[in-house]
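1. dropping the sequence and predicted coords here.
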Amino acid sequence: MLKTRILSALVMIPVALGAAWWGNWAWVALMTVAGVALAWEWTRITQGKFTVGGRILAAGGALMPLTGWLNPLQGLMLVAGAAILSALPPVPEGRKRFWMPLGAVYIMLPQLALITIREQGRGPLLWVLFLVWATDSGAYFAGRAIGGPKLAPRISPKKTWAGLAGGMLAAALVGWAMKNGMMPAAWRLAAASAALAVVAQAGDLAESGLKRYFGVKDSSQLIPGHGGVLDRLDGLLAVAPAVAVLALISPGGWNDIYGW
């Protein structure tokens, strides 16, 4: 399984980095594909099949990257519209309607945040991607090597406090490296990265809780060795909006967060 995960990562990471580096249409295209895949997985998990509401949600996920790129305010309006419209069609028996508008927020707000982050330049987006990947890797290897008390055994039995600490350390090292150790910016970005590692792990646990609630092991089998797109992006879906909100509430805006 580890070999399959590595091989899949060797394909996915260059694609993601290439799109992040080039930005503009490349990043919009990648976010469009991800939005459709996420909507499909979300609907199949929460509704049991790809419903009419799911198709509306997928259309919203497909439109969001371009809309958010051209006009972020219209992107927010699109989230609201998709949330309302996806909840209107009938849902399968025994399924709840509210999962559809929740899916619109869960998928499309992070899309908008990631598009907005890329508009600040390559550096901020690469930082976000690297810190999320570092958190996942640090948590995985630290958890396996150290073990110890479980972080949330009822939600995700394999996650440990040692894994969380390892993820935070790995993310902090990413923040430090992005500033080449130059003080005080390196300390600030390292601290922000460590805090965001906790957000990433919370996003991971939230997705694990969703799958456990619906009795699903993986969100899909789209990515060999990893499960689905939602399984791979759960941490990023939590971190991206958090970064965007931090930038919005900081007096110096984006410069307070990244210092680029």
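-> Right, received. Where do you want to start? Numbers count the residues shown, from 1 in each chain.

2. use CA for all of it now, contacts and neighbours both
-> Noted.

3. the longest helix in the chain is where?
-> Looking across the chain with DSSP state H, the single longest helix is helix 185-214.

4. next structured bit after it?
-> Counting by DSSP states H and E, the element after helix 185-214 in chain order, helix or strand, is helix 229-249.

5. just the CA trace of that following helix, in PDB.
-> Extracted C-alpha coordinates of helix 229-249, given in PDB (Å, rounded to 0.1, in the frame of the first residue of the first chain):
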ATOM      1  CA  VAL A 229      -9.900  13.200  -3.900                       C
ATOM      2  CA  LEU A 230     -11.700  14.200  -0.600                       C
ATOM      3  CA  ASP A 231      -9.300  11.800   1.300                       C
ATOM      4  CA  ARG A 232      -6.300  13.700  -0.100                       C
ATOM      5  CA  LEU A 233      -7.600  17.200   0.200                       C
ATOM      6  CA  ASP A 234      -9.400  17.100   3.500                       C
ATOM      7  CA  GLY A 235      -6.600  19.000   5.300                       C
ATOM      8  CA  LEU A 236      -6.200  21.500   2.500                       C
ATOM      9  CA  LEU A 237     -10.000  22.200   2.500                       C
ATOM     10  CA  ALA A 238      -9.700  23.300   6.100                       C
ATOM     11  CA  VAL A 239      -6.400  25.200   5.900                       C
ATOM     12  CA  ALA A 240      -7.100  27.300   2.800                       C
ATOM     13  CA  PRO A 241     -10.200  29.100   4.200                       C
ATOM     14  CA  ALA A 242      -8.400  29.600   7.500                       C
ATOM     15  CA  VAL A 243      -5.500  31.300   5.700                       C
ATOM     16  CA  ALA A 244      -7.800  33.500   3.700                       C
ATOM     17  CA  VAL A 245      -9.700  34.600   6.900                       C
ATOM     18  CA  LEU A 246      -6.500  35.300   8.700                       C
ATOM     19  CA  ALA A 247      -5.400  37.600   5.900                       C
ATOM     20  CA  LEU A 248      -8.800  39.300   5.800                       C
ATOM     21  CA  ILE A 249      -8.800  40.100   9.600                       C
END
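
6. about what we covered before: list the buried ones in the longest helix of the chain?
-> Judged by neighbour count (16 or more other CA atoms under 10 Å), helix 185-214 contains these buried residues: 185-194, 196-211.

7. for stretch 88-103, same thing?
-> 91, 97, 99-101, 103.

8. so, low pLDDT: which residues of the stretch 151-260 of the chain?
-> For the stretch 151-260 of the chain, the stretches with pLDDT under 70 are 251, 254-260.
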